[in-house]
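In: Got a predicted structure here, sequence first:
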Amino acid sequence: MIAGKSFMKGPHNMKYLFTTLLALLLSCAMQSSYSSTQGKKTMVKLHTNHGVITLQLDAEKAPNTVKNFLGYVNGGFYENTIFHRVIDGFMIQGGGFEPGLKQKSAGAPIKNEAANGLSNDIYTIAMARTSDPHSASAQFFINVGNNNFLNHPGQDGWGYCVFGKVVDGTDVVDAIRKVPTGFRSGHQDVPEKDVIITKAEVVK
Amino acid sequence: MPHTLLISDLHLGVDHPGSMVLFRRFIAEYAPQAEALYILGDLFEFWAGDDDLWDELPAQVIAALRNLAQYGTRVYLLHGNRDLLMGKTLAEACHATLLRDPILIDLYGTPTLLSHGDILCTRDTEYQRYRAQVHDATFQQLFLAKPLAERKAYIEQLRLRSTLEKRNKDSAIMDVSDSAVAALLREYHYPRLIHGHTHRPACHEHIVDGHRCKRWVLGDWNQQGSALYCDAQGCRAVKV
């Protein structure tokens, strides 16, 4: 179509046609590779005692982080863990403690991949960490507010790595964010009644 | 009996209304009998700058401390890690004197070194790096030049970020390093040491170069008020 028109109009028809066709071919190639990775967005279901939260993970933008997270999911690490810290308007955090606030031993820390363009918008999932930017391991949080200040570069030059979002079950997240919390065993903002992840699984 | 009271780590803020009640009672009932009151840092949960002293909570704290002047109680302040931006304006409003950290004083004949205590947590290298940055005069100037609302938002975001810490304990509360304590005691010729910050109230004894040195750690005001009562006979912990 476009090639045809320029072929008709341009003084250097062949050269113009070649470059236009080349551009078209290149864009086609890019299109097909984009759609093939688009199909690779892994889905994970978190079964909780408040309902099911379905996550869509972005392995393209946060490959290492997603791989690390899936390792814990597939290894059953998140089974019988709790959302141990809930701050309405900010985030709900889990992946590190069993009921009774017993901390679990996590695996090796991973490199910070926060500079990936993804934003800590409401209902996205990101990795929790200490002030060491490369200290994330098993704990994660789901944003229940638009927490742009957590994005790369953030306050510490690194930010917090978003690696997916809730695509189903935002109502469950909303129920969790509203649970009454208090001070328990030296921790603040702990849900008075345990919010438990009974199972975490990759959706086939 | 002439005595001095030392407190620290009250973390007064809107999220801790109970501590405010304890503080007001302490100032009204205990402090007037003391010759001096030393507040060794983290009086406030956060301090965005002295232009915040007209806010409700600071105003109450200032009123309480000012009131001590009529009893002749001298008030001294040290910076904590939370309220490191406390300045001369606030001190003057409280009729208090800001002291540097650490500071050596004569407490009824016993040379006594006072510190908030965070300088002793040398094992927490991340924190020491952060501390060096926020204590830098240029950094503080730049920060204080921002509008108050912006400073408060930044501090609030810092606080929220700290809740994402995955460790059990608040990362700022690591214990002191024995070697850092020994070095400090040696530098100041083996005094008694009194500090806060770690929220681990106790009395320790350190033997440095053959000298026995007592190290008193003040308690925080999370569950109850905690103070150190010092007179010519020594120190003892008191609950408020």
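Out: Thanks, I have it. Numbers count the residues shown, from 1 in each chain, chains lettered A, B, ... in the order given.
In: A strand includes A:Gln188, no?
Out: Yes - assessed with DSSP: H, G, I helix; E, B strand; the rest coil, A:Gln188 lies in a strand.
In: Around it, how many other residues sit close by?
Out: 13 (other CB atoms under 10 Å in any protein chain shown). (Each C-beta comes from the backbone N, C-alpha and C, glycine too.)
In: just the one 4 residues further on next, same as before
Out: Residue neighbour count, defined by other CB under 10 Å, stands at 11 for A:Glu192.
In: what's the closest non-adjacent residue to it?
Out: Take A:Glu192 and drop its neighbours on the chain: the residue closest to it by CB to CB, 6 or more residues apart in numbering or on different chains is A:Pro180, 4.8 Å away.
In: ditto for B:Gly225
Out: Once flanking residues are discounted, B:Gly225 sits nearest to B:Val240: 2.6 Å by CB to CB, 6+ apart.
In: Can you name the residues that contact the one you found?
Out: B:Leu22, B:Arg25, B:Phe26, B:Tyr30, B:Gln224, B:Gly225, B:Ser226, B:Ala227 (CB atoms under 8 Å, 6 or more residues apart in numbering or on different chains).
In: Take the residues you listed and keep only those in helices.
Out: Counting by DSSP state H, the contacts of B:Val240 place B:Leu22, B:Arg25, B:Phe26 in helices.
In: out of those residues, which touch chain A?
Out: Among those, proximity to chain A is found for none (CB under 8 Å from any CB of the partner chain).
In: A:Gly154 reaches A:Tyr160, doesn't it?
Out: Yes - proximity of A:Gly154 to A:Tyr160 meets the contact threshold set by CB atoms under 8 Å, at 7.0 Å.
In: neighbour-wise, which of the two wins?
Out: A:Tyr160 (26 against 18).
In: Next one: the more buried one relative to chain B, how far apart?
Out: Noted for A:Tyr160: a distance of 7 Å to chain B, by CB to the nearest CB, to the nearest Å.
In: wait, what's in contact with that residue?
Out: A:Ala114, A:Asn120, A:Ala126, A:Met127, A:Ala128, A:Arg129, A:Leu150, A:Asn151, A:Gly154, B:Leu164.
In: what about 7 Å?
Out: Going by CB atoms under 7 Å, 6 or more residues apart in numbering or on different chains, A:Tyr160 touches A:Ala114, A:Asn120, A:Ala126, A:Met127, A:Leu150, B:Leu164.
In: Over to B:His16?
Out: Contacts of B:His16 by CB under 7 Å, 6+ apart are B:Glu45.
In: Look up the pLDDT of it for me, please.
Out: Confidence at B:His16, expressed as pLDDT, is 85.
In: Kindly report the same for B:His211.
Out: For B:His211, pLDDT reads 98.
In: ok, B:Arg236 touching B:Tyr229?
Out: Yes - with contact defined as CB atoms under 7 Å, B:Arg236 and B:Tyr229 form a contacting pair (5.4 Å).
In: Next, count neighbours for B:Asp118.
Out: Applying other CB under 10 Å, we find 27 residues neighbouring B:Asp118.
In: Roughly how far does B:Asp178 sit from B:Arg82?
Out: Distance from B:Asp178 to B:Arg82, counting by CB to CB, to the nearest Å: 25 Å.
In: Which other helices and strands does the helix or strand harbouring B:Trp216 contact?
Out: Element membership of B:Trp216, judged by DSSP states H and E, is strand B:211-217. Contacts defined by 3 or more CB pairs under 7 Å, 6 or more residues apart in numbering or on different chains; DSSP states H and E place strand B:211-217 against strand B:192-195, strand B:202-208.
In: what separates the first one from the chain centre, distance-wise?
Out: In terms of CA atoms, centre = their mean, to the nearest Å, the centre of strand B:192-195 is set 12 Å apart from its chain centre.
In: What pairs with that strand, parallel or antiparallel?
Out: Paired neighbours of strand B:192-195 in the sheet (DSSP bridges): strand B:110-115 (parallel), strand B:211-217 (parallel).
In: can you pull the buried residues of the first one?
Out: When neighbours are counted by 16 or more other CB atoms under 10 Å in any protein chain shown, the buried residues of strand B:110-115 are found to be B:Thr112, B:Leu113, B:Leu114, B:Ser115.
In: Identify the residues contacting A:Lys104.
Out: For A:Lys104, the contacting residues are A:Thr81, A:Gly96, A:Phe97, A:Glu98, by CB under 7 Å, 6+ apart.
In: and the residue nearest the centre of chain B, what does it touch?
Out: By CA atoms, centre = their mean, chain B has its centre lying nearest to B:Gly41, at 1.5 Å. For B:Gly41, the contact set (CB under 7 Å, 6+ apart) comprises B:Ser8, B:Leu78, B:His79, B:Gly80, B:Asp83, B:His116, B:Gly196, B:His197.
In: who touches stretch B:177-185?
Out: Residues outside stretch B:177-185 that contact it (CB under 7 Å, 6+ apart): B:Pro102, B:Leu120, B:Cys121, B:Thr122, B:Arg123, B:Pro191, B:Leu193, B:His206, B:Val208, B:Cys213, B:Arg215.
In: Taking those, tell me the two that lie furthest apart.
Out: The span of the contacts of stretch B:177-185, defined through CB to CB, is set by B:Arg123 and B:Pro191 at 22.9 Å.
In: sorry, back to before: how about a markdown table for the contacts of B:Gly41, with secondary structure and pLDDT added?
Out: Putting the contacts of B:Gly41 into a markdown table (DSSP: H, G, I helix; E, B strand; the rest coil; pLDDT from 0 to 100) gives the following:
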| residue | secondary structure | pLDDT |
| --- | --- | --- |
| B:Ser8 | coil | 98 |
| B:Leu78 | coil | 98 |
| B:His79 | coil | 98 |
| B:Gly80 | coil | 97 |
| B:Asp83 | coil | 95 |
| B:His116 | coil | 98 |
| B:Gly196 | coil | 97 |
| B:His197 | coil | 94 |
